[in-house]
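> sequence first, predicted model second:
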Amino acid sequence: MSFSTFNSPPLVTIAGVGIHFVLEPYLKKILPAVQDPGSTAVPLNWYKFANILSFAVQVVAVTRPGRIDGDAPASTNQNNNDTKKTKLTVMDQLSPGKFGRTLVAPSGWAFAIWGPIFLGEFACCTSQLVFLDDDSNSVVPALIKQMTVPFVSAQLFQTLWTAAFRPKYAEGNHNFLWKNKMYTSAFLLASTAYSLSKAHSAFATMTAATTYTFQEYITYFLPISLHFGWTCAATLVNLNGAIALVQQHTGTSSENSRNEKGGADSSESHGWDDGGDAHHARIVQWVGHVSVAMASIAGMCIAWTRGAPVYAGVIAWALSACADGMNTRIKETSTGIVKKDDDYDTDGNGKKSSIGVHGAPTQRWLCRFGAYACSLTSLVTTIYLKTNK
């Protein structure tokens, strides 16, 4: 019996809820953030061990093959001499390319941020083992104790996400509000971001920022800031993907779909029919627009209230990638790359789909505006922190 036997949406969801309401309260008791006066001090080594063990578990989980983002796109594997209709992979439909169904689809270069996150957190955990002890005069050991429990929770939530972000969770989803297994991975990413927010708040305040050196920040706290910002953005990417992948089997919009006469540039100037596909396209459009607005506002507000310019910078990075993704979508669909007789099944039932095209130009503008706003906030916050030290 393999571990995949236990990988079912109910079990993974229950495990996620269990971390929130069972494991985390227990960890708070044995690894208190602040030591009660008169109580026996918990050794720093316990916190170090918890951090590096949870990080190691998450790294092993990430290396397991079979996730959605590991799928090879069907569009790159097709034999040009094969005229048979090809069913697209889930990743094709989440991508910024011509067959993408979601409006929150960052270009591939955005995911390079995982390199600094993983390397940074590895350096953070190993540096704790080597350089920190209970007798240190630095404030860092106290901050590490405050962020350990949420950091451990975040690593475990992300471990569960690697189990949930798999093709079988994207199959047979026919409803927006329930029976959509892709919401499991969105919930786990949101939980990861929530836990990292609590870890982030331990060191990312106007007051705390003056108590440690720049080198200590780079070593112990920068990776957490990057991880927090990226998982906030990734949660919205995952959620939009879950909604976009819902299969609608009513309505006909193939005549209004992505063809040589009307791609993403013309989708907003031509009305769609009143079928299920058009309704779905409008939902995907507005969920995408609201998601970008939420990310932009969060980036600016958290950066300013916590004195966290890196967070706003990461959100700006993500929004820039989404704008670039929409630029790709618009170019590929408006130039006739997707034709009526294209050899791909974009919606699973032999039709072409307007989903992921409708609203793309507006989405690109919103992403660009949000990226500029968050970049400016990051710059202003940095200047304020430098001048008020």
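Now that the structure is in, tell me what you want to look at.
> drop to CA atoms for contacts and neighbour counts, all remaining ones
Will do.
> was I right about T377 contacting A298?
No: with contact defined as Cα atoms under 8 Å, T377 does not reach A298; the gap is 11.1 Å.
> who has more neighbours, the two?
Remark: of T377 and A298, T377 carries more neighbours, 23 against 18, as counted by other Cα atoms under 10 Å.
> list the buried residues of the host helix or strand of V290.
Here V290 sits within helix 276-306, counting by DSSP states H and E. Residues of helix 276-306 classed as buried by neighbour count (16 or more other Cα atoms under 10 Å): 276-285, 287-289, 291-293, 295-304, 306.
> just name the shakiest helix or strand of the chain by mean pLDDT.
strand 344-345 (a mean of 42; mean pLDDT, DSSP states H and E).
> which parts of the helix or strand following that strand are buried?
Heading C-terminal from strand 344-345, the first helix or strand you meet, by DSSP H and E, is helix 360-387. Across helix 360-387, burial judged by 16+ other Cα under 10 Å covers 360-364, 366-378, 381-382, 385.
> now stretch 134-150
Buried residues in stretch 134-150 (16+ other Cα under 10 Å): 140-150.
> now do stretch 202-213
For stretch 202-213, by 16+ other Cα under 10 Å, it's 202-206, 209.
> again with stretch 13-24
13, 15-17, 19.
> between these, which sits nearest A170?
Proximity of these to A170 was ranked by Cα to Cα; the top entry is T13 with 15.1 Å.
> was I right to think the closest one contacts A186?
No: in this structure T13 lies outside contact range of A186 using Cα under 8 Å: 10.7 Å.
> go through the buried residues of stretch 202-213 and flag which are in helices.
202-203 (DSSP state H).
> now, which of the buried residues of stretch 202-213 sits nearest L31?
Closest to L31 out of the buried residues of stretch 202-213 is A202 (14.9 Å), distances taken as Cα to Cα.
> my read: that closest one touches L143, true?
Yes: the criterion here is Cα under 8 Å, and A202 meets it with L143 at 6.3 Å.
> and Q128, how far from V57?
18 Å (Cα to Cα, to the nearest Å).
> contact partners for L119?
Under the criterion of Cα atoms under 8 Å, 6 or more residues apart in numbering, L119 has no neighbours.
> tell me the secondary structure for it?
On the three-state scheme (DSSP: H, G, I helix; E, B strand; the rest coil), L119 is labelled helix.
> for stretch 358-373, the averaged confidence score.
Stretch 358-373 comes out with an average pLDDT of 97.
> tell me how far it lies from the chain's centre.
18 Å (Cα atoms, centre = their mean, to the nearest Å).
> all strands for the chain, in order.
86-87, 344-345 (DSSP state E).
> can you tell me which of the buried residues of stretch 13-24 end up in helices?
Judged by DSSP H, helices contain the following of these: 13, 15-17.
> same list, these, but as CSV with distance to F118 and pLDDT please.
Below are these laid out as CSV (distance: Cα to Cα, whole Å; pLDDT from 0 to 100):
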residue, distance to F118, pLDDT
T13, 25, 95
A15, 24, 97
G16, 22, 98
V17, 25, 98
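> can I get these in CSV with distance to L196?
Formatted as CSV, those follow (distance: Cα to Cα, whole Å):
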residue, distance to L196
T13, 19
A15, 18
G16, 15
V17, 16
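> ok, these vs P167, which is closest?
Nearest to P167 among these, with distances taken as Cα to Cα, is T13, at 16.4 Å.
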